[in-house]
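[1] Got a predicted structure plus its sequence, pasted below:
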Amino acid sequence: MDINTKRTNDILQISVKGRLDTFGALELGDAFNSVIKKNDTHIIVDMNDVYYLSSAGIRILLQLNKKLKKRGGDLHLCHVNQYPSEVLEMTGLDNVFLIHSGKEKAIFHITEKLYKTKINWKDALSYTKNNIEITVYKSSQKSAILKAVGDISKVLFAQLEQKDIYSKKFSETEYSIGLGALGDDVNEYMQILGEMITLSGTMVWLPTDGHDTPDFLTPYKDTGNVTIHTGFNASLEGDFNDIMIVKAKNGESFTISAIYAAVFNIARQTHPNFSGVISIAMQADLDEFYSSGVKIAPVKKFAPENHQMITHKDNFKDWMDINSKPQYHGETMVSFGVGMDLSGSISTIKKEALHTLFYLNPANIRDSELILHNHAVIFKHIPLKKTCNLDKTIKNIISNGKFIDMRHLLDNTKIKQAVIGVSYITDIVFENE
């Protein structure tokens, strides 16, 4: 068995290659004894090259985890392959170890836990744009991309058929927006496709069944047997590059479009290779909520008789539910979306890829400098706290918050303050079924 170690920011990382059987477990135990220091509390074991795991291997990992727990830490596993993952699941230990999809996520999780009390937000970089003050905490250097399935033009022209519906695992859509449904019978859910969002793996959607009542599903474990069905979806692959605290200097509220404009301004200053596209997840204190939503499933059998888009002036009122009166003052909004900076250069991303994400919603106020596509979920108010682990905060809100509503978010929605996770998108790629 090959065992390599290194330290990043005082975090011990152990990469293992070979079979974690009885003999391999003995070797790994010896390695643990030789490299682990008394002050090590969190350790990462990279299992990218481990394809076999037995009870002996599990035992040595449990022993180390127990030792770290006594020190107030944890053992973190990453890049766990299919067979070892199934063994852990079969033995019920997949919920004992902290398992991450990648090493960088493990490092971020540990760093946040180790240093959250040491973060001095007063010393963080601060920017002001049009009276909006933004404090920036650098989170990840990893590239972020958007993965798209489906064809948004078929949504806009109401031309979706069964062959255009894709099924995606919950774990493949941690943060995404689109048009989708849940269910087992395609003939049933095709009739009620509606606006959808996924936040930290939870899907929330607005069925077009005439009841105007959002529905959601939070998976405890993604078995792959229950999937998200979508005619169009854009999901984030990667981490939040920056965590930002956003508030107005004068205490007044500001719009979603103003947040994006301020972040675009920061991106142009700090990211020389900025593509012009970002995604933003946020927790925000609402002041005025404005929204829209598809009222009819955009499938071919329901297509407008005039063969125009559902956003056409002659179809818009029949197809779109517009909320032009402010709602949910003082409640908590959790959202995810994408934005394109029209005032900058977007030459690094192909135009056809951009056309899969962005379209002109007549309910939005036109802005010559940006175009946005965001969905949002509303909860009873939860106090907003400064955090560098927004993903964990969003998970807690979804798990424990009192759900109120879900809609397509309009750009003129106003908020009082927010914590946002920004990903600077380097590319948009198309997925095949």
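    Cool, the structure landed. Source: prediction; values computed, not measured.
[2] Leaving out chain neighbours, which residue sits closest to the residue most central in space within the chain?
    Nearest to the geometric centre of the chain sits Y175, at 2.6 Å (Cα atoms, centre = their mean). In space, and not counting its chain neighbours, Y175 is closest to L236: 4.4 Å by Cβ to Cβ, 6 or more residues apart in numbering. Backbone N, C-alpha and C define where each C-beta goes, glycine included.
[3] Correct me if wrong, but Y260 is in a strand.
    No: looking at Y260 with DSSP: H, G, I helix; E, B strand; the rest coil, it is helix, so not inside a strand.
[4] Quick check: it touching E369?
    No: between Y260 and E369 there is no contact under Cβ atoms under 8 Å: 9.3 Å.
[5] Kindly export stretch 147-164 (C-alpha atoms) in PDB.
    Extracted C-alpha coordinates of stretch 147-164, given in PDB (Å, rounded to 0.1, in the frame of the first residue of the first chain):
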ATOM      1  CA  LYS A 147     -23.800  22.400 -16.100                       C
ATOM      2  CA  ALA A 148     -26.900  22.700 -18.300                       C
ATOM      3  CA  VAL A 149     -29.400  20.100 -19.500                       C
ATOM      4  CA  GLY A 150     -32.400  20.700 -21.800                       C
ATOM      5  CA  ASP A 151     -33.300  23.500 -24.100                       C
ATOM      6  CA  ILE A 152     -34.700  26.700 -22.700                       C
ATOM      7  CA  SER A 153     -36.100  27.700 -26.100                       C
ATOM      8  CA  LYS A 154     -38.400  24.600 -25.900                       C
ATOM      9  CA  VAL A 155     -39.600  25.900 -22.600                       C
ATOM     10  CA  LEU A 156     -40.200  29.400 -23.900                       C
ATOM     11  CA  PHE A 157     -42.100  28.100 -27.000                       C
ATOM     12  CA  ALA A 158     -43.900  25.400 -25.000                       C
ATOM     13  CA  GLN A 159     -42.500  22.600 -27.100                       C
ATOM     14  CA  LEU A 160     -41.400  20.100 -24.500                       C
ATOM     15  CA  GLU A 161     -42.100  16.400 -25.100                       C
ATOM     16  CA  GLN A 162     -41.200  13.300 -23.100                       C
ATOM     17  CA  LYS A 163     -37.900  12.900 -25.000                       C
ATOM     18  CA  ASP A 164     -36.900  16.400 -23.700                       C
END
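[6] Would you mark the buried spots in that stretch?
    147-152, 154-160, 164 (16 or more other Cβ atoms under 10 Å).
[7] what do you get for stretch 82-101?
    P84, V87, L88, D94, F97, L98, I99, H100.
[8] Lowest-confidence entry in those residues?
    pLDDT across the buried residues of stretch 82-101 is at its lowest for D94, which sits at 85.
[9] Secondary structure of that one: a helix, I assume?
    Yes: under three-state DSSP, D94 sits within a helix.
[10] Spatially nearest residue to it, not counting backbone neighbours?
    L88 (4.4 Å).
[11] what's the next secondary structure element after the host helix or strand of N33?
    Counting by DSSP states H and E, the element that carries N33 is helix 22-35. For helix 22-35, the following helix or strand on the C-terminal side (DSSP H and E) is strand 42-53.
[12] Following the chain onward from that next one, which element is next?
    Per DSSP H and E, the helix or strand that comes after strand 42-53 is helix 55-70.
[13] show me where pLDDT drops low in the stretch 201-350 of the chain?
    Within the stretch 201-350 of the chain, the stretches with pLDDT under 70 are 344-347.
[14] How are the strands of it distributed by residue range?
    202-205, 215-217, 228-237, 242-248, 254-255, 277-294, 320-327, 332-341 (DSSP state E, counting those that start in this stretch).
[15] now what about the first one, what contacts it?
    Counting contacts by Cβ atoms under 8 Å, 6 or more residues apart in numbering, the residues outside strand 202-205 that touch it are 170, 173, 180-182, 194-198, 214-219, 228, 377, 398, 406.
[16] which among the residues you listed end up buried?
    170, 173, 180-182, 194-198, 214-216, 228, 377, 398, 406.
[17] The residues you listed in strands, which ones?
    G180, A181, G194, E195, M196, I197, T198, D215, F216, I228, V377, M406 (DSSP state E).
[18] Would you agree the fifth one is in contact with R407?
    No: look at M196 against R407 with Cβ under 8 Å: they stay out of range, at 11.1 Å.
[19] Common neighbours of the two, please.
    L206, H375.
[20] on that earlier part again, could the buried residues of stretch 82-101 be laid out in TSV, adding distance to E431 and secondary structure?
    Shown next, in TSV, are these (distance: Cβ to Cβ, whole Å; DSSP: H, G, I helix; E, B strand; the rest coil):
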residue	distance to E431	secondary structure
P84	26	helix
V87	29	helix
L88	27	helix
D94	26	helix
F97	29	coil
L98	28	strand
I99	24	strand
H100	22	strand
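[21] Could you pull up phi and psi at L357?
    phi -110, psi -30 (degrees, to the nearest 10).
[22] So it sits against I152, correct?
    Yes: in this structure L357 lies within contact range of I152 using Cβ under 8 Å: 7.3 Å.
[23] about what we covered before: just name the lowest-scoring one in the ones in strands among the buried ones among the contacts of strand 202-205, pLDDT-wise.
    Among these, F216 has the weakest pLDDT, 91.
[24] Okay, and the beta partners of S126?
    T135 (DSSP bridges).
[25] how much space between it and V204?
    Using Cβ to Cβ, to the nearest Å, S126 is found at 33 Å from V204.
[26] And these two? Which one has more around it.
    Between S126 and V204, V204 has the larger neighbour count (other Cβ atoms under 10 Å), namely 23 against 13.
[27] circling back: ok, the residue nearest to Y175 - how many residues close by?
    23.
[28] show me the residues around it that make contact.
    A144, I145, L146, E174, Y175, S176, S279, F336, S423.
[29] separation between P272 and I378?
    For P272 relative to I378 (Cβ to Cβ), the value is 37 Å.
[30] out of those two, which sits in the busier spot?
    More neighbours surround I378 than the other of P272 and I378, with 23 against 7 (other Cβ under 10 Å).
[31] Next, the spatially closest residue to A144 that is not a sequence neighbour: phi, psi?
    Using Cβ to Cβ, 6+ apart and skipping the chain neighbours, the partner closest in space to A144 is G238 (3.1 Å). Main-chain dihedrals, G238, degrees, to the nearest 10: phi 130, psi -180.
[32] Ok, E188 next?
    phi -90, psi -50.
[33] Around it, count how many other residues there are.
    11.
[34] what residues are up against the residue lying closest to G337 once chain neighbours are set aside?
    Distances taken as Cβ to Cβ, 6+ apart place N374 nearest to G337, at 2.7 Å, with adjacent residues excluded. Contact analysis of N374 by Cβ under 8 Å, 6+ apart lists I177, I256, I280, S335, F336, G337, V338, G339, H408, L409, D411.
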